[in-house]
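> Test case, fold it:
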Amino acid sequence: KSYLNKEHLQTFRLADEDGKKYLQIFNIYPEQNKYPCEKSTMEMFVQYLDLDGHEHELLKPLHDRMKNLKDPKLEKYIEAMHKAIFEELLLTEKRKAKPINFFEPYTCFQK
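Sure thing, here's the model as predicted:
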């Protein structure tokens, strides 16, 4: 599938908290040997996009359809969400100037 990246997993969360609307994009990378550790390590990044009303309305119906994990059309809904983010939202003039508001990197160590 064109929207799947074989190098990492990606998922999305649309949030509306305290009147602030934002999108979280989670990127989870497979086991890596970047650190001098005997056990495995992984990296995860969370990207945050503050959304205006139009952007939120674009993504909300798509995000709502993804919530039913037993829906046989789930994969189509995920693909539609991915396309809306990467082929519509991030290609606007606003997002070309500032695609991500901030991000958090995490390194995960196996116990």
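> contacts and neighbour counts: CA atoms only from here.
OK.
> Against K34, how distant is the spatially most central residue of the chain?
Nearest to the geometric centre of the chain sits I25, at 2.1 Å (CA atoms, centre = their mean). The gap separating I25 from K34 is 23 Å, by CA to CA, to the nearest Å.
> Just the element for the most far-flung residue of the chain relative to its centre, please.
Distance from the C-alpha centroid of the chain, by CA atoms, centre = their mean, peaks at E38 (29.9 Å). Under DSSP states H and E, no helix or strand contains E38.
> Now do it, the pLDDT please.
pLDDT, E38: 79.
> And whichever strand in the chain runs longest, what's buried?
Ranked by residue count under DSSP state E, the longest strand found in the chain is strand 20-32. Residues of strand 20-32 classed as buried by neighbour count (16 or more other CA atoms under 10 Å): K21, Y22, L23, Q24, I25, F26, N27, I28, Y29.
> could you say what helices and strands the helix ranked longest in the chain packs with?
If you go by DSSP state H, the chain has its longest helix at helix 53-65. Contact here means 3 or more CA pairs under 8 Å, 6 or more residues apart in numbering; DSSP states H and E; on that basis helix 53-65 packs against strand 9-17, strand 20-32, helix 74-83.
> pLDDT averaged over that helix, what's the number?
Mean pLDDT, helix 53-65: 94.
> CA atoms of that helix as PDB?
Presented in PDB, the C-alpha positions along helix 53-65 are these (Å, rounded to 0.1, in the frame of the first residue of the first chain):
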ATOM      1  CA  GLY A  53     -11.300  25.100  12.500                       C
ATOM      2  CA  HIS A  54     -11.100  24.300   8.800                       C
ATOM      3  CA  GLU A  55      -8.200  21.800   9.300                       C
ATOM      4  CA  HIS A  56     -10.000  20.200  12.200                       C
ATOM      5  CA  GLU A  57     -13.200  19.800  10.100                       C
ATOM      6  CA  LEU A  58     -11.200  18.200   7.300                       C
ATOM      7  CA  LEU A  59      -9.800  15.500   9.500                       C
ATOM      8  CA  LYS A  60     -12.600  14.900  12.100                       C
ATOM      9  CA  PRO A  61     -14.900  12.700  10.000                       C
ATOM     10  CA  LEU A  62     -11.900  10.600   8.800                       C
ATOM     11  CA  HIS A  63     -10.600  10.200  12.300                       C
ATOM     12  CA  ASP A  64     -14.000   9.300  13.700                       C
ATOM     13  CA  ARG A  65     -14.300   6.400  11.100                       C
END
